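A.B. asks: Here you go, sequence then predicted model.
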Amino acid sequence: MKNILVLCGGNSFEYDISILSVKNIIKNIDTDLFTFKVVLISKENEWFLNNKKIENIIDFIKGFDLVFPVMHGAFGEDGRIQGFFELFNIPYLGANSSSSKICFDKALTKLILDKYPIKQVPYVIINKGEKVSIRDFPVIVKPANGGSSIGISVANNRKKLKNALNEAYAFDDKVVVEKFIKCRELECAIIEDKNLIVSTVGEIESCNKFYDFEAKYEKESNIIIPAKIDKKVIKEIQTASKKIFNILGISGFARIDFLYDEENKELYFNEVNTIPGFTDISMFPLLFKEQKLDFSKLITKIIKCKLK
């Protein structure tokens, strides 16, 4: 029986979402196949098992067959914890340190994908202190590094743009400003096995102007699985998802998000999540549930694919 270390928390604005994800994982993990322990990493980066601080972290981790880092946002998704595992040759689930760093940085991801035939909404990258010369509104402003739509807002004029930039700069010194388009928000999930396992496509009908933190976790947005779109668009999204997964060197699993301009029949890449949410309302597990892979079987699949 394999022994799994599940990590949660961390020094991130998404600390609470990580806790929710792990609660769902430990409720559904197959204890006939795996033993596990959950370690909470505090916002001060101290490690705790059952409220007791772990002093020798390296020796403790090496007592497990595999680490499952369920830490959203900075430190968990930006390559740092992955680099730590790699330094000490510790096996873990998910993308490696370099791929995690690329995918967590929206600006870097966009610059890489610009070299390939993958459509993206027009955007500019702005560093804090740089002159801003945007005149075409509305736009959506995002911290380059971050998740759960934290720090993201829409601006319809220069005054609101200034406020939006200040909000984003509270989370990162680099921001991505995109043209705000009327679109449908579509998502696809992937698990890496011998061949990539690609989910169906789901759609988010946000209760707000866009799928922000409030719409994700505090209000009730509508999740539609499978998305009610043309089968050709579903196939296009699935094909693009596999291509992006490979281009960015992702391993393990990921959720890849798109924007679909239905009026102009244009599909745009939006972003990648290398540690997607595992809450009971998260799109990643819901997409595979549609394909008869319930939460428990999904966790088993992800772990077994790594342990092969």
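C.D. replies: That came in fine, so what should we check first? Numbers count the residues shown, from 1 in each chain.
A.B. asks: Please count neighbours and contacts with C-alpha atoms only from this point.
C.D. replies: Noted.
A.B. asks: Centre of the chain to the helix or strand where Ile81 lies, how far?
C.D. replies: Here Ile81, judged by DSSP states H and E, is contained in helix 80-87. Relative to the chain's own centre, helix 80-87 is displaced by 18 Å; criterion: Cα atoms, centre = their mean, to the nearest Å.
A.B. asks: For that helix, buried residues please.
C.D. replies: With burial defined by 16 or more other Cα atoms under 10 Å, the residues of helix 80-87 counted as buried are Arg80, Ile81, Gln82, Gly83, Phe85.
A.B. asks: so what's Cys305 scoring on pLDDT?
C.D. replies: The model reports Cys305 with a pLDDT of 93.
A.B. asks: and the gap between the closest residue to it other than its chain neighbours and Glu236?
C.D. replies: For Cys305, ignoring the flanking residues on the chain, the nearest one in space by Cα to Cα, 6 or more residues apart in numbering is Asp193 at 5.6 Å. Distance of Asp193 to Glu236, computed by Cα to Cα, to the nearest Å: 21 Å.
A.B. asks: more crowded one of the two?
C.D. replies: Set Asp193 next to Glu236 and count neighbours by other Cα atoms under 10 Å: Asp193 wins out with 16 against 12.
A.B. asks: Point to the residue nearest the middle of this structure.
C.D. replies: Nearest residue to the geometric centre of the chain (Cα atoms, centre = their mean): Asn273, 2.2 Å.
A.B. asks: Next one, pLDDT for it please.
C.D. replies: For Asn273, pLDDT reads 96.
A.B. asks: Repeat that for Met1.
C.D. replies: 89.
A.B. asks: Contacts only, for it.
C.D. replies: By Cα atoms under 8 Å, 6 or more residues apart in numbering, the residues touching Met1 are Leu33, Phe34, Thr35.
A.B. asks: do Leu7 as well
C.D. replies: So Leu7 contacts Val22, Val38, Val39, Leu40, Ile41, Val67, Phe68, Pro69, Val70, Met71 (Cα under 8 Å, 6+ apart).
A.B. asks: what about 10 Å?
C.D. replies: Applying Cα atoms under 10 Å, 6 or more residues apart in numbering, we find Leu7 in contact with 18-19, 22, 37-41, 47-48, 67-71, 76.
A.B. asks: re earlier: can you say which two of the buried residues of helix 80-87 are spatially most distant?
C.D. replies: Arg80 and Phe85 (8.8 Å; Cα to Cα).
A.B. asks: where do the contact lists of those two overlap?
C.D. replies: Listed as contacting both Arg80 and Phe85 by Cα under 10 Å, 6+ apart are Asn96, Ser97.
A.B. asks: Which residue is the nearest non-sequential neighbour of Asn28?
C.D. replies: Of all residues not flanking Asn28 in the chain, Ser296 sits nearest, at 4.8 Å (Cα to Cα, 6+ apart).
A.B. asks: Then Asp173?
C.D. replies: Nearest residue to Asp173, sequence neighbours excluded (Cα to Cα, 6+ apart): Lys128, at 5.1 Å.
A.B. asks: if I read this right, the one you found contacts Val176, doesn't it?
C.D. replies: No. Lys128 is beyond contact range of Val176, at 11.1 Å (criterion: Cα atoms under 10 Å).
A.B. asks: Please name the bridge partners of Leu259.
C.D. replies: Applying DSSP bridges to Leu259 gives these bridge partners: Glu185, Tyr268.
A.B. asks: Return the distance of it relative to Glu271.
C.D. replies: Taking Cα to Cα, one finds Leu259 at 10 Å from Glu271.
A.B. asks: Common neighbours of the two, please.
C.D. replies: Residues touching both Leu259 and Glu271 by Cα under 10 Å, 6+ apart: Gln120, Glu187.
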